[in-house]
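Peer 1: next comes the sequence, and after it the predicted model I'd like to discuss.
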Amino acid sequence: MMFRTLFDRDTWQEIFGSIQKNKLRTVVTVIGVLWGIFIYITLSGASKGLDNGFERQFEEVAINSLFVWAQRTSIPYAGFRTGRPMQLKLDDQAYLMHHIPELQYIAPRVAQGVFGDQAPLIKRGSKSNNYALYGDFPILVKIASKNIYDGGRFINQADIDQQRKVCVIGERTQAELFEKKEDPIGAFIQINNVYFQVVGVHKFTPGGGFESDSDIFIPFSTFKILYNTGQNVDWFAMAAYDNANVILVEEDIKTALKVKHRVHPDDARAFGSFNLGEVFNKIKGFSSGMNILSLVVGIATILAGVIGIGNILLISVRERTKELGIRRALGATPSEVRMQIIIESVFLTLIAGILGIILGSFVLAIINVITAEGSSIPYTNPTVPIKFIFGALGLMVGLGTLIGLIPAQRAVSIKPIDALREE
Amino acid sequence: MIKIADLHKSYAMGQNSLHVLKGINFDVAAGEMVAIMGSSGSGKSTLLNILGMLDVADQGTYNLDGATIKDLDETKAAVYRNKFLGFVFQSFNLISYKTALENVMLPLYYQKVARKERIARAQKFLEQVGLGPWASHHPNELSGGQKQRVAIARALVSEPKVILADEPTGALDSKTSYELMDVLQTINDQGITLLIVTHEEDIAKMCKRIVHLRDGVIVTDEKVKQVKAIQHVE
């Protein structure tokens, strides 16, 4: 009965007739659901975009990267008193690589002007300023990638081996020390009164950590001579293999360091550490929270829209009481009347839903263009999975049917004789 | 065609019940044109509604063209109405957003007649009531008389046994009323049974039989010499 009615051309002619002739009602009804699905699509697309955006931001940094530095002991151990200052050494690198199989890369780093000490004065001709200075190995780029502008490069192994006086400067350093059209590559700047040749300019990418767009990188071996730091390492930047549990690796590293540096196993203060994986997981948690929120808000709005359809159909059934009475006097059976109203409800819901999806996609496309590549907003490629769209449509058809039942039942509950008396 | 016996109907009015029909016995033969008269409250509309299966009697029997009408649910009533009966109402009861033709087509839609045939048959009956050229007009573009003629065409289109008309001329002036009665008389001449509820003496005289109702009982039931409405239409 239902399917025959559904595929009958005449049914649709009746429905189109009644929809067309009640334009305002139709438009108002459609707007309700359209708004709901529009909100749903836009919200979940936006939260997906945010999700993608975070992922894009973090692809510059190994998600499973972690950092370890030395502090002071808090427990006396092996004849050492408490409060002994700890110092990481260059040979810790090989020691850790040997003892922690989950470690993929490890980069020893030293720095001036990062942790509260005086940043070195950098001079070029009459221009000068204080900038943070890092001594690094080329392996660092495996852990935190450095985007170097065309024509330049990062520190390489030969720089380390020959203790070259070369440096990679930041965008801001370039802007402040060089003229606008001047090519900094090959030029010399003075660091601590020693001339260094600029071999690259790095593009600053935000992504956790404390680095900025003015940082200057020089070879670790050169830094060692410049500041007379010997085998000292300020901190290790490390990356674990993708399948490793970063939090466990972090614990293992600290345990290994405690053994090597003769620190009490329970001393929690001797070495400090930080891992991006945890931060990343928090952000992922935030964006999956956003996903759930947009799902809940979206469905609630769709629900509100469908209830709106039911409400308006209820009013319309009341308005059309007489018409429905006439139809029944002319031979429409209650199930025919009921079916007509339900099909109307589902049809309106579906049309509104499809329009809402189109409109929502349109808005997402606009947002995508605005936040395209190069924007600092963490937002990339906002999409809604197709199964969610079909899910939403299915939900709307289901709800449209259910909600249509109420006005449909009301329409047939009025006796035709009473309906005809209605003025 | 119609046989009713001992028909009773009461309406509950708060605490009291209003006994509207108090035992009506009434037969109508095929091809008759009967006027049912009475002042308001006499029960004439209630009688017509029961005959039209829009309302059910409390007691009594109703036989339409050999079929006993009882224990009607809404679905059955709808099918019977569609098959056996045509309705003409005082307030026309056309669907405002449908054209004259579409209004006439509607009963056939519920008979599941194919669209092409619906159009052809509806057009034929519109022409019969003299509204062929008005087929594509909406009710608000038609005069009262024209609207009622559309309603008559709609009642006729399903080729019913009986047409029930509730004050068909109630909303029309005398001249239009006579024109309409002429249409109804023509239909009756073609063999369709007509029951017309009216309180207008001159309209009743254009029927072949007048039944007077007072306080829920039939007081008089007499055959009359039919006045041809055409005489009043110049």
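Peer 2: Yep, that arrived.
Peer 1: which SS state does the closest residue to chain B within chain A fall under?
Peer 2: In chain A, no residue comes nearer to chain B than residue A:331, which is 2.5 Å away by C-beta to the nearest C-beta. Where C-beta positions appear, they are placed from N, C-alpha and C, glycine not excepted. Three-state assignment for residue A:331 (DSSP: H, G, I helix; E, B strand; the rest coil): coil.
Peer 1: now the closest residue to it other than its chain neighbours: how far from residue B:93?
Peer 2: Nearest non-adjacent residue to residue A:331, counting by C-beta to C-beta, 6 or more residues apart in numbering or on different chains: residue B:82, 2.5 Å away. Shown here: residue B:82 relative to residue B:93, a distance of 15 Å by C-beta to C-beta, to the nearest Å.
Peer 1: which elements pack onto whichever strand or helix holds residue B:77?
Peer 2: Taking DSSP states H and E as the definition, residue B:77 sits inside helix B:74-84. For helix B:74-84, the packing partners by 3 or more C-beta pairs under 8 Å, 6 or more residues apart in numbering or on different chains; DSSP states H and E come out as helix A:321-329, helix A:334-370, helix B:100-110.
Peer 1: okay, the ones you listed in CSV with distance to residue B:15 next?
Peer 2: Below are the helices and strands packed on helix B:74-84 laid out as CSV (distance: least, C-beta to C-beta, whole Å):
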stretch, distance to residue B:15
helix A:321-329, 28
helix A:334-370, 32
helix B:100-110, 40
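Peer 1: number of residues surrounding whichever residue of chain B sits closest to chain A?
Peer 2: Proximity of chain B to chain A (C-beta to the nearest C-beta) peaks at residue B:82, 2.5 Å away. Per other C-beta atoms under 10 Å in any protein chain shown, the neighbour tally for residue B:82 reads 21.
Peer 1: now the angle between helix A:321-329 and the host helix or strand of residue B:151, please.
Peer 2: Taking DSSP H and E as the definition, one finds residue B:151 inside helix B:144-157. In terms of direction (axes from the mean of the first three to the mean of the last three C-alpha atoms, to 10 degrees), helix B:144-157 departs from helix A:321-329 by 40 degrees.
Peer 1: what packs against helix B:144-157?
Peer 2: Using 3+ C-beta pairs under 8 Å, 6+ apart as the test, helix B:144-157 ends up in contact with strand B:85-88, helix B:100-110, helix B:115-128, strand B:162-166, helix B:174-189.
Peer 1: re earlier: so who does the residue nearest to residue A:331 touch?
Peer 2: Residue B:82 makes contact with A:330-331, B:107, B:110-111, B:158 under the criterion C-beta atoms under 8 Å, 6 or more residues apart in numbering or on different chains.
Peer 1: reformat those residues as TSV; add neighbour count and distance to residue A:305.
Peer 2: Below are the contacts of residue B:82 laid out as TSV (neighbours: other C-beta atoms under 10 Å in any protein chain shown; distance: C-beta to C-beta, whole Å):
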residue	neighbour count	distance to residue A:305
A:330	27	34
A:331	23	35
B:107	30	36
B:110	20	32
B:111	16	37
B:158	23	40
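Peer 1: where does chain B have its least confident helix or strand?
Peer 2: Least confident element among the helices and strands of chain B, by mean pLDDT, DSSP states H and E: strand B:67-68 (a mean of 85).
Peer 1: returning to what we had before: and for the helix holding residue B:151, what's in contact with it?
Peer 2: A:330, B:86-89, B:92-94, B:100, B:103-108, B:121-122, B:125-126, B:128-131, B:134, B:139, B:142, B:163, B:165, B:168-169, B:171-173, B:176, B:179-180, B:183-184, B:187, B:192.
Peer 1: restricted to buried residues, select the residues you listed in ChimeraX.
Peer 2: Buried members of the contacts of helix B:144-157, defined by 16 or more other C-beta atoms under 10 Å in any protein chain shown, are picked up in ChimeraX with:
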select /A:330 /B:86,87,88,89,92,93,94,100,103,104,105,106,107,108,121,122,125,126,128,129,131,134,139,142,163,165,168,169,171,172,176,179,180,183,184,187,192
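Peer 1: mind listing the strands the least confident helix or strand of chain B pairs with, and their directions?
Peer 2: Strand B:67-68 sits in its sheet next to strand B:59-64 (antiparallel), going by DSSP bridges.
Peer 1: what about chain A, any weak spots by pLDDT?
Peer 2: When residues are selected by pLDDT under 70, those of chain A lie in A:1-9, A:59-62, A:205-210, A:372-379, A:422-423.
Peer 1: longest single helix anywhere in it?
Peer 2: Ordering each helix of chain A by length in residues (DSSP state H) puts helix A:276-319 first.
Peer 1: quick check: nearest residue in space to residue B:7, chain neighbours excluded?
Peer 2: residue B:60 (3.6 Å).
Peer 1: actually residue A:149, sorry about that
Peer 2: Residue A:149 sits nearest to residue A:201 (C-beta to C-beta, 6+ apart), 4.6 Å away.
Peer 1: mind listing the strands for the stretch 151-300 of chain A?
Peer 2: With strands called from DSSP state E, counting those that start in this stretch, the stretch 151-300 of chain A shows them at A:166-170, A:188-191, A:194-203, A:216-219, A:232-233, A:235-240, A:271-275.
Peer 1: mean confidence score for stretch B:87-101?
Peer 2: Averaging pLDDT along stretch B:87-101 gives 89.
Peer 1: ok, the residue nearest to the spatial centre of chain B to residue B:44 distance?
Peer 2: The C-alpha lying nearest the average C-alpha coordinate of chain B belongs to residue B:164 (C-alpha atoms, centre = their mean; 1.8 Å). Applying C-beta to C-beta, the value for residue B:164 to residue B:44 is 11 Å.
Peer 1: picking that back up, run a quick neighbour tally on the residue nearest to residue A:149.
Peer 2: Neighbours around residue A:201, by other C-beta under 10 Å: 22.
Peer 1: check contacts around the residue of chain A closest to chain B.
Peer 2: Residues counted as contacts of residue A:331 (C-beta under 8 Å, 6+ apart) are B:78-79, B:81-83, B:107, B:110-111, B:158.
Peer 1: nearest to residue A:220, of those?
Peer 2: Relative to residue A:220, the closest of the contacts of residue A:331 is residue B:110; by C-beta to C-beta it sits at 90.8 Å.
Peer 1: wait, isn't that closest one in contact with residue A:335?
Peer 2: No. With contact defined as C-beta atoms under 8 Å, residue B:110 and residue A:335 do not form a contacting pair (11.6 Å).
Peer 1: mind telling me what element residue B:4 is part of?
Peer 2: Going by DSSP H and E, residue B:4 is part of strand B:2-13.
Peer 1: that older thread, and the helix holding residue B:151, what's buried?
Peer 2: Neighbour counts over helix B:144-157 (16+ other C-beta under 10 Å) mark B:145-157 as buried.
Peer 1: so of these, which two are at opposite extremes in space?
Peer 2: B:145 and B:157 (18.8 Å).
Peer 1: where does the prediction get shaky in chain B?
Peer 2: Residues of chain B that meet the cut-off, pLDDT under 70, sit at B:234.
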